[in-house]
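Enquirer: Compute the structure for the input listed below.
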Amino acid sequence: MKNCNKDPVKLKLSLLNIVEHYKNNHEHCSELSRCKTDSNYEPTKYLIKDPKAEILLGRALMNTQVYKSPTDYVHCMDSYYVESFNNAILQYHDKRINFSKQVYILRTNLAVLDWNEHVNRQTTSLKTVQDAKNPRRQCFRCLVCDPGRLNLQSIPVSEYNKLTNTGELSDTILKELFKKEPALAGLGNFLPNVMEKFDIIVKPKLNNSNNREYQKSETYYLPCMITNAFDLECIIEENFKVQSSHRTPWLVLEFEFLPVVYFNHILFNYIRTYTVCKEASGHPAIHSGKAVVYLDNSESRLLIICFSRMPYPYRYAVKRKLIYNDANDKAYKLILEKLCVNIEELERKLMHSLSYKIKAKCGTGDNFKSEGRISFNELSREYEEHPGQYRCKEHKIWHDKEDMETTWLKHAPAVSIDNSRYCDNTL
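Expert: Numbering: from 1, shown residues only. Here you go, the predicted structure:
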């Protein structure tokens, strides 16, 4: 109404143009409308594609009082000042407090003075609202995780199979994905670096089998796109031939709440810092929510990192398992300390407190089951009743306490204090 320039014909045409607007035709829309001023504008309502719906909406508009009597509405003005003064009044007139007449008049005058002082003032601060649908930010929504964006006809089958089997993200697939957003044209070399910085994709550290040179991979990997499920025990036995006697207990971090994206930050940190093991097939030992890395250049000690949801809602566990040959006490403490420091850095970076408990579980247990996990405090109570042993709730048998304590749990109280973390491990 305010844009009709007091012309009733223009007002009626503006009403009828609503139909064209919802057909995504903005030729006759106001020059001040967002559909004309915002290059990234996207309709928020369903577009009209059915001719019957077009006719029904047109009839509804012509039956409105504004359309029938446009001359009664051409003088309408913006209600900005009325609403602004009403907001000023509400700051001084509390609806729940009964003021006396004198105080009521006083507060009304204060509201008038306040409004007169601030009305039409220049803005002192600007607020920028970032639209998540803006194509310039689509890469941060992880384009590569959207199956609808993959045009399988233009992607070689071999490269797509690599993505779903090993997580390898080829340049061909990346270019095809970025073609879906015209605004990303010309940024193909820049966006992958940004996505890597935000731990959406990663270049793992790999070992050149010819001369044992450890170097960063030239190819990006996206573990969450791996669709084939691999049993962790099969990965260990078939690819690394590790006997049960050479495995430490599981180190378990039970989080009250851990979003999957947070775990990716932790997993990618290990993939970048340590050399990723290679499986018998020659592919890196990276899977969805799992990875196996070497802890030293001799490749005699391996660390398994995996993520699993707990049986009850919003409770997660991150696990570390060390497979060792003559590993010393410092190695266990160092792994636990680095892990806790990594979580502390993640908290500061994302400004989100992560509450967790440090526990352990026997090396032959199922890492995805919560039964059998035990904290330092619980292990100490078991020792008082049964010296040298603790009862494994998963296997329903007694285990040697020394393996559980000398590897991980004896370091838990010290690490908890150093990192100012409550972990249910103090006596």
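Enquirer: quick one, strands of the protein?
Expert: With DSSP state E as the criterion, the chain has strands at 168-169, 205-208, 213-216, 220-221, 247-255, 275-276, 286-287, 290-294, 302-309, 316-323, 356-361, 389-392, 397-400.
Enquirer: And those: which comes nearest S14?
Expert: The closest approach between S14 and any of these, judged by Cβ to Cβ, belongs to strand 168-169 at 49.1 Å. Quick note: C-beta positions are derived from backbone N, CA and C, even for glycine.
Enquirer: Name the strands paired with the closest one and say parallel or antiparallel.
Expert: Take DSSP bridges as the rule and strand 168-169 pairs in its sheet with strand 220-221 (antiparallel).
Enquirer: quick revisit: return the most buried member of the strands of the chain.
Expert: strand 356-361 (a mean of 24; mean count of other Cβ atoms under 10 Å).
Enquirer: of all the strands of the chain, which lies closest to K197?
Expert: strand 220-221 (12.3 Å).
Enquirer: rewinding a little: want to throw the strands of the chain into JSON lines with mean pLDDT and distance to V66?
Expert: Shown next, in JSON lines, are the strands of the chain (pLDDT from 0 to 100; distance: least, Cβ to Cβ, whole Å):
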{"stretch": "strand 168-169", "mean pLDDT": "87", "distance to V66": "55"}
{"stretch": "strand 205-208", "mean pLDDT": "79", "distance to V66": "67"}
{"stretch": "strand 213-216", "mean pLDDT": "73", "distance to V66": "65"}
{"stretch": "strand 220-221", "mean pLDDT": "89", "distance to V66": "56"}
{"stretch": "strand 247-255", "mean pLDDT": "85", "distance to V66": "57"}
{"stretch": "strand 275-276", "mean pLDDT": "88", "distance to V66": "67"}
{"stretch": "strand 286-287", "mean pLDDT": "87", "distance to V66": "62"}
{"stretch": "strand 290-294", "mean pLDDT": "87", "distance to V66": "63"}
{"stretch": "strand 302-309", "mean pLDDT": "82", "distance to V66": "55"}
{"stretch": "strand 316-323", "mean pLDDT": "48", "distance to V66": "55"}
{"stretch": "strand 356-361", "mean pLDDT": "86", "distance to V66": "60"}
{"stretch": "strand 389-392", "mean pLDDT": "82", "distance to V66": "76"}
{"stretch": "strand 397-400", "mean pLDDT": "82", "distance to V66": "80"}
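Enquirer: How much space separates the residue positioned nearest the centre of the chain from F268?
Expert: By Cα atoms, centre = their mean, the chain has its centre lying nearest to V261, at 4.1 Å. V261 sits at a distance of 11 Å from F268 (criterion: Cβ to Cβ, to the nearest Å).
Enquirer: Between the two, which contacts overlap?
Expert: With contacts taken as Cβ atoms under 8 Å, 6 or more residues apart in numbering, V261 and F268 have D199 as neighbours in common.
Enquirer: and the residue nearest to the residue nearest to the centre of the chain when sequence neighbours are not counted, how far is that from D403?
Expert: Excluding the flanking residues, the one nearest V261 by Cβ to Cβ, 6 or more residues apart in numbering is D199, at 8.0 Å. In this structure, D199 and D403 are 34 Å apart, going by Cβ to Cβ.
Enquirer: Same check on L303?
Expert: With distances taken as Cβ to Cβ, L303 is found 17 Å from D403.
Enquirer: again, but for K357
Expert: Counting by Cβ to Cβ, the gap from K357 to D403 is 20 Å.
Enquirer: same question, K361
Expert: Here K361 is placed at a distance of 11 Å from D403 (Cβ to Cβ).
Enquirer: K162 too?
Expert: Computed as Cβ to Cβ, the K162 to D403 distance reads 40 Å.
Enquirer: now swap in K333 and tell me
Expert: When distance is defined by Cβ to Cβ, K333 is 16 Å away from D403.
Enquirer: Also Y221?
Expert: Computed with Cβ to Cβ, the distance linking Y221 and D403 is 34 Å.
Enquirer: Which neighbours do K361 and D403 have in common?
Expert: Residues touching both K361 and D403 comprise P249, with contact defined as Cβ under 8 Å, 6+ apart.
Enquirer: residue ranges with poor pLDDT in this protein?
Expert: In the predicted model of the chain, residues 127-153, 180-185, 188, 208-213, 229-230, 309-328, 383, 414-427 satisfy pLDDT under 70.
Enquirer: longest helix of it?
Expert: Longest helix in the chain by number of residues (criterion: DSSP state H): helix 329-350.
Enquirer: Output the contacting helices and strands for it.
Expert: strand 247-255, helix 260-273, strand 316-323, helix 412-418 (3 or more Cβ pairs under 8 Å, 6 or more residues apart in numbering; DSSP states H and E).
Enquirer: in it, what counts as buried?
Expert: Neighbour counts over helix 329-350 (16 or more other Cβ atoms under 10 Å) mark 331-333, 335-336, 339-340, 343, 346 as buried.
Enquirer: between the residues you listed, which is closest to Y104?
Expert: Each of the buried residues of helix 329-350 was scored against Y104 by Cβ to Cβ, and L346 proved nearest at 54.2 Å.
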